[in-house]
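Asks: Prediction below, plus the sequence it came from.
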Amino acid sequence: MTAPAHPRTTDDLIRAEEPVLAHNYHPLPVVVARAEGAWVEDVEGRRYLDMLAGYSALNFGHRHPALIRAAHDQLDRLTLTSRAFHNDRLAEFAQRLAALTGLDMVLPMNTGAEAVESGIKLARKWAYDVKGVPDGQANIVVAADNFHGRTITIVSFSTDESARAGFGPFTPGFKIVPYNDLAALEEAVDEHTAAVLIEPIQGEAGVIIPDEGYLTGVRELTRRKGCLFVADEIQSGLGRTGRTLAVEHENVVPDVLLLGKALGGGIVPVSAVVARREVMEVLHPGEHGSTFGGNPLAAAVGTAVVELLETGEFQSRAAELGLVLHEGLTALLGHGVTGFRARGLWAGVDIDPALGTGREISERLMREGILVKDTHGSTIRLAPPLTITAEELRGALDTLAKVLGQAG
Ligand SMILES: *Cc1c(COP(=O)(O)O)cnc(C)c1O
């Protein structure tokens, strides 16, 4: 029997993907058809609370009215110019994003990986042009268990074998040190080091929060040794942790900031490198670019995102709801949860392996109307939209308690 031309049920749609879609993901068996706020609905009309929020690309929830309005208005006027010409949306986006982050200049890109690649190019160029590192000899120091994206250069300095195996040869010029280890960093940074590139909180690794003082230490060390501090806040930034940026928890300002995910409001891919003027000014016409980077639709949505963050409302919500999350998870310690790390509305939760893998727990939660995704082994990540209500969050925690009570 042949498959229906336009399958509409969950099973049919999943089966229809199989022969035509690359198998680089293993999604939960739910087929989402519509969404609003913190809720999504599948093709059969079942509703789920979205506790993943597109890996924090949906910090403002699905289809936030102000963001949808900005996108619609822009769709009706101008969508793409390329950077061969100016467009009337880009100046405001860059100006407001720089002001929001306390830095000076913006390089607009599209995906997170592109922002990371651009940050690496920027740091290397700075090392040669400003620091005076001999040509071809710059190195960048990164942390073990990092996640910075999926390009060849980025997986070159990953420590996750499944991200690397089969993709060599790799890009040279990176040194890997343990995360949260200032002594190791001190040893690794040398006279040819262009930058230290780290996540202020390691999201994919399981929401790993460094010790108090680590980020301050990285700032002090990079300044003293004369290299750049590049902070990848693609997942940790833009409200998630209860502050605009995770580095703000230690009042640290990096030289270069990488943003993505939520910057596109869950509508379009928008990323950016934001940097101090002296750093960004090493780039000249023809040395770097992107056809879609800084397009007017992205700039309009990005500006609307920055506008939401300028009020401080979402950062406060994340901080306040973070207390609810923390309290709920604390109550589950010893009841199926062996440990957790949380900051703001973001948590990595270690499930007792006796109760099942992270994947199995995720599937049980899905059947109870909660969408989450496992990170590593038996760790699940909770990162709902910052628009979720306290009641919805408590409901999700109750469901988690129920699933853990039944599990195993
Ligand atoms: C998601 C992510 C990236 C890569 O972003 P893409 O848009 O998937 O390319 C880079 N760094 C961090 C910290 C991320 O979470």
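Replies: Perfect, I can see it now.
Asks: element containing Lys121, please.
Replies: Assigned by DSSP states H and E, Lys121 belongs to helix 112-126.
Asks: Does the ligand have contacts with that helix?
Replies: Yes. Applying C-beta under 6 Å from any ligand atom, one finds helix 112-126 touching the ligand at 112-113, 116. No exception for glycine: its C-beta is placed from N, CA and C like everyone else's.
Asks: Dump that helix to CSV, restricted to CA.
Replies: Coordinates of the C-alpha atoms in helix 112-126 are reproduced here as CSV (Å, rounded to 0.1, in the frame of the first residue of the first chain):
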residue,chain,number,x,y,z
GLY,A,112,24.1,30.5,16.3
ALA,A,113,26.9,28.5,14.6
GLU,A,114,27.5,31.5,12.3
ALA,A,115,27.8,33.8,15.2
VAL,A,116,30.4,31.5,16.8
GLU,A,117,32.3,31.2,13.5
SER,A,118,32.2,35.0,13.1
GLY,A,119,33.4,35.4,16.7
ILE,A,120,36.3,33.1,16.0
LYS,A,121,37.3,35.0,12.8
LEU,A,122,37.0,38.3,14.6
ALA,A,123,39.2,37.1,17.5
ARG,A,124,41.9,35.7,15.1
LYS,A,125,41.9,38.9,13.0
TRP,A,126,42.2,41.0,16.2
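Asks: right, and the helix or strand after that helix?
Replies: Assigned by DSSP H and E, the successor of helix 112-126 is strand 139-143.
Asks: Show me what counts as buried in that next one.
Replies: In terms of neighbour count (16 or more other C-beta atoms under 10 Å), strand 139-143 has its buried residues at 139-143.
Asks: Show me what counts as buried in stretch 162-173.
Replies: Within stretch 162-173, the residues scored as buried using 16+ other C-beta under 10 Å are Gly173.
Asks: Span of that stretch from start to end?
Replies: Start and end residues of stretch 162-173 are separated by 21 Å (C-alpha to C-alpha, to the nearest Å).
Asks: Quick one: residues in contact with that stretch.
Replies: 124, 138-140, 150, 152-153, 155-158 (C-beta atoms under 8 Å, 6 or more residues apart in numbering).
Asks: Whichever residue of the stretch 101-250 of the chain sits closest to the ligand: what's it in contact with?
Replies: Using C-beta to the nearest ligand atom, the single residue of the stretch 101-250 of the chain nearest to the ligand is Gly112, 2.0 Å away. Neighbour list for Gly112: 148-149, 234, 258, 260-261, 271 [criterion: C-beta under 8 Å, 6+ apart].
Asks: Now the two most distant members of the buried residues of strand 139-143.
Replies: Maximum pairwise distance among those (C-beta to C-beta): 14.2 Å, between Asn139 and Ala143.
Asks: Spell out which residues make up each domain of the chain.
Replies: Under automatic domain parsing, the residue ranges defining each domain of the chain are 10-63+313-407, 65-310.
Asks: Let me have those in a markdown table, extended by mean pLDDT.
Replies: Formatted as a markdown table, these follow (pLDDT from 0 to 100):
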| stretch | mean pLDDT |
| --- | --- |
| domain 10-63+313-407 | 96 |
| domain 65-310 | 98 |
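Asks: Please work out which of the ones you listed is packed deepest.
Replies: Across these, the average number of neighbours (mean count of other C-beta atoms under 10 Å) peaks for domain 65-310, which reaches a mean of 20.
Asks: And for the top helix by length along the chain, what's in contact with it?
Replies: Secondary structure of the chain per DSSP state H: the longest helix is helix 313-332. The contact list for helix 313-332 (C-beta under 8 Å, 6+ apart) reads 59-60, 239-244, 308-309, 337, 340, 342-347, 349, 382, 386-388, 390, 393-394, 397, 400-401, 404.
Asks: any idea how far Arg243 is from the closest residue to the ligand within the stretch 251-400 of the chain?
Replies: Of all residues in the stretch 251-400 of the chain, the one sitting closest to the ligand is Gly260 (5.0 Å; C-beta to the nearest ligand atom). Noted for Gly260: a distance of 17 Å to Arg243, by C-beta to C-beta, to the nearest Å.
Asks: ok, now Ala195?
Replies: Here Ala195 is placed at a distance of 23 Å from Arg243 (C-beta to C-beta).
Asks: One more: Arg63?
Replies: 25 Å.
Asks: Residues of the stretch 251-400 of the chain that sit close to the ligand?
Replies: Contacts of the stretch 251-400 of the chain with the ligand, taken as C-beta under 6 Å from any ligand atom, map to 260-261.
Asks: Could you pull out the strands in the stretch 251-400 of the chain for me?
Replies: 256-259, 271-275, 337-342, 347-351, 370-371, 373-374, 379-382 (DSSP state E, counting those that start in this stretch).
Asks: What helices and strands are in contact with the fifth one?
Replies: Using 3 or more C-beta pairs under 8 Å, 6 or more residues apart in numbering; DSSP states H and E as the contact criterion, the secondary-structure elements in contact with strand 370-371 are strand 47-50, helix 390-406.
Asks: same for the longest one, what does it pack against?
Replies: Put plainly, it is helix 390-406. Here helix 390-406 touches strand 47-50, helix 313-332, helix 358-367, strand 370-371, going by 3+ C-beta pairs under 8 Å, 6+ apart.
Asks: Contacts for that helix, please.
Replies: Residues contacting helix 390-406 (C-beta under 8 Å, 6+ apart): 38, 49, 51, 320-321, 324-325, 328-329, 331-332, 335-337, 349, 351-352, 355, 361, 364-365, 368-370, 382, 384.
Asks: What is the three-state secondary structure of Ile176?
Replies: strand (DSSP: H, G, I helix; E, B strand; the rest coil).
Asks: from memory it sits against Asn139, does it?
Replies: No. Using C-beta atoms under 8 Å, Ile176 is not in contact with Asn139; the gap is 10.8 Å.
Asks: how far away is Ala275 from Met105?
Replies: 6 Å.
Asks: out of the helices and strands packed on strand 370-371, which comes closest to Ala299?
Replies: With C-beta to C-beta as the measure, strand 47-50 is the member of the helices and strands packed on strand 370-371 nearest Ala299 (26.4 Å).
Asks: ok, that closest one: who's next to it in the sheet?
Replies: Sheet pairing here is set by DSSP bridges, and for strand 47-50 it gives strand 39-42 (antiparallel), strand 370-371 (parallel).
Asks: hmm, who's touching the longest one?
Replies: Residues from elsewhere that reach strand 39-42 (C-beta under 8 Å, 6+ apart): 10, 30-35, 47-50, 62, 371.
Asks: show me where the stretch 1-150 of the chain has helices.
Replies: Here the stretch 1-150 of the chain has its helices, by DSSP state H, counting those that start in this stretch, at 10-17, 53-56, 65-75, 90-101, 112-126.
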